[in-house]
Every structure is written in C-alpha cells, then in structure tokens.
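> what follows is a predicted protein model with its sequence.
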Amino acid sequence: MQVILRLFSLVDGVIYYIERKLVLLCVSFMTLLVFADVVQRMFSRQQGFFDRLIIYIFSVQNQGMKDFIIKIFSPWFLGIFSFLFIAFAAYGRLDRNKKLLMRSLLVALFVWGSCYSLIKGLLYTFPSGIPGAQKFALGFMMWAVFLGASIATRQRRHIILAALLKKVDKKMLPIYSLVGSFLTAVFCFYLAMLAKMQILFEYQDWQSAPGVGVFEALPVPLWIVTLALPISFCLIGIRFLANGINDFTFGVPEVDLVAADLAKEEIA
C-alpha cells in the first residue's frame, strides 16, 4: 500500500504542476480578454462618461459646443491629466530631487504613449468589439475554477465540517476520514459521469454538421470548455479517495486535527 501511495504521489505531483500552469494561463487569458473588451467598449463610444458629465454640469445645449467637448476638450484634458498623474506617480516612486524629475517625465511619456498606442491599435483592429470575448473569458474561467478546486483538494484546502470533527474521537478520525472521502469521491465520480454525458451530446452535435456546436466568433468546439468538468471531478474524486486511504493508513494530518480543536474552542 505504501508503494502504491508513493507512486500515486509522484504521478499526482506531475499533474499538480500541469494544473497550476493551466490555471495561470486561463486566468491570464481571461483577464486579458475582459480588460481588452472593457477598454474597447469604453473608448469606442461616441460620447463617454466624462463628456456626458461636462455637458450635464455646464448644461450645454448647443450642438457645436457638444462636438467641441467630445472631440477636442475631453481628449486633450484627459490626456494631459493622465500624463501628469503618471508623472507624479513615477516621481513619487523615485527619490524626490530635481535630477530625477526629467526621468519621471520620460517614464510618464513612455507609459502614456504605450497606453495610447495600445488603445488606438485595439480600436483600429476591433472597431466593432472583440468577437466572442466574453464567452471565451467564461470558458477560461470555467477551466480555472474547476482546476482550482482540484488543486484545493490536493492541498487539503477544501471545505471541512470542523464542527462535526469535535464529536469524533481522535482514534476514530482515520475511519471518519476514509468514509467521508469515499462518499465524496463517489459523488464526484457521479458528477463526472453526468458531465461525460453532456460532452458526448455536444461532441455529437459538433460532428453533425460544419459550424454546429462551436463558438460564434471562432470555430472552437463548445465541448472543449465542458471538458473541464469530467477531468476536474475525476481528479477531485481520485484525490479525495487517496487522501482517505492515506489518512486511514498513516493517520489524519495535523491540519484536520487543528481544525477539530478550533471547532471545540469556538463552540465551548
């Protein structure tokens, strides 16, 4: 049994390493997509929030004055304000002396120019919005969430009913852990089976005809996103089962024992 658990620990370590990289990639792509979509939507509007605020404060009714605010005043004001804000922020991070004032201005010019070029390039490339940005971001979020749940199971950072542990004798904790882990694993495998049925349905739909069962923006199959469910639930179930066997063989880790002691203190 010890040899099997050690072998499983080695294989699980490789899977854990891959999971962490995948979660990092998914979160990064999700963040970039959402950020780019928000920036594109914000700066592609003909009349922004600042324009409406200026027009409302000064009660501007003349159409020519409105065009002047939207096309000339607001862009120049926001540009100068953002440049000065970046310059003061850079100057505050550096040693405050006159020699570094020019350096902070150069840093501000570089950052401001980079942001301006990025926004202009984004608007030029996607004038009508980034196709499928929100749906792809949700797909990356699904992978990140369920792989994160699998990682939490490996690190034993899942939810523990510590209030129940206080009623279990420490000698019975290994058996309690084994039974609880086994039941949780069975439930996870059941969810993985349901997810597999959903994937088979989406895969058959994708194979039925070209352009079916894919995202509208890009021909990426929908079942690739759903694939996160059976993979994650299988990993979670296997890890719960392995944790239960490990606890029954070698004893419950100190983390669970501390949780039980804390529960006793809170209730007392």
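Arrived safely. Since this is a predicted model, take the numbers as computed values, not measurements.

> would you mark the buried spots in whichever strand or helix holds S232?
The secondary structure element spanning S232 is helix 228-250 (assigned by DSSP states H and E). Counting neighbours by 16 or more other CB atoms under 10 Å, one finds that the buried residues in helix 228-250 are 228-248. All C-beta spots, glycine's among them, are computed from the backbone N, C-alpha and C.

> kindly report the same for stretch 123-143.
Along stretch 123-143, these residues count as buried under the neighbour rule (16+ other CB under 10 Å): 130, 132-133, 135-137, 139-143.

> so which residues of this structure form helices?
Counting by DSSP state H, the chain forms helices over residues 2-43, 49-57, 63-68, 74-93, 101-125, 133-154, 162-165, 173-208, 223-226, 228-250, 254-267, given from the N-terminal end onward.

> can you give me the offset of the fifth one from its chain's centre?
How far helix 101-125 lies from its chain's middle: 27 Å, per CA atoms, centre = their mean, to the nearest Å.

> before we move on, what about the fourth one?
Averaging C-alpha coordinates over helix 74-93 and over its chain gives two centres that are 30 Å apart (CA atoms, centre = their mean).

> coming back round to it: what mean pLDDT does the helix holding S232 get?
Helix 228-250 shows an average pLDDT of 91 in the prediction.

> against I231, how distant is A108?
According to CB to CB, to the nearest Å, A108 and I231 sit 46 Å apart.

> correction: the previous question concerned I238.
In this structure, I238 lies at 11 Å from I231, with CB to CB as the measure.

> P219 touches W206, doesn't it?
No. Counting by CB atoms under 8 Å, P219 sits too far from W206 to count as a contact (9.8 Å).

> so for these two, which sits in the more crowded spot?
Neighbours were tallied for P219 and for W206 using other CB atoms under 10 Å; the higher tally belongs to W206 (18 against 11).

> excluding chain neighbours, what is closest to that one?
Residue nearest to W206 in three dimensions, not counting chain neighbours: G213, with 3.4 Å by CB to CB, 6 or more residues apart in numbering.

> got the contact list for the one you found?
Residues in contact with G213 (CB atoms under 8 Å, 6 or more residues apart in numbering) are 202-203, 205-207, 221-223.

> which one of those residues is nearest to S74?
Closest approach to S74 among the contacts of G213 (CB to CB): L222, at 41.4 Å.

> next up, phi/psi of that closest one, please.
Taking degrees, to the nearest 10, you get phi -70, psi -30 for the backbone angles of L222.

> got a list of what it touches?
When the contact criterion is CB under 8 Å, 6+ apart, the partners of L222 are 202, 206, 213-215.

> at 10 Å what do you get?
Under the criterion of CB atoms under 10 Å, 6 or more residues apart in numbering, the contact partners of L222 comprise 135, 139, 199, 202-203, 205-206, 212-215.

> from L173, how far out is it?
Counting by CB to CB - L222 and L173 are separated by 44 Å.

> swap in I80?
According to CB to CB, I80 stands 66 Å off from L173.

> okay, those two: which has more neighbours?
When neighbours are counted by other CB under 10 Å, L173 comes out ahead of the other of I80 and L173, with 18 against 11.

> would you confirm that the more buried one contacts G251?
Yes. Taking CB atoms under 10 Å as the contact criterion, L173 and G251 are neighbours in contact, 8.0 Å apart.

> burial measure for the spatially closest residue to R20 that is not a sequence neighbour, as a count.
Across the structure, with CB to CB, 6+ apart as the measure, the residue nearest R20 apart from its sequence neighbours is I151 (6.7 Å). For I151, the neighbour count with other CB under 10 Å is 20.
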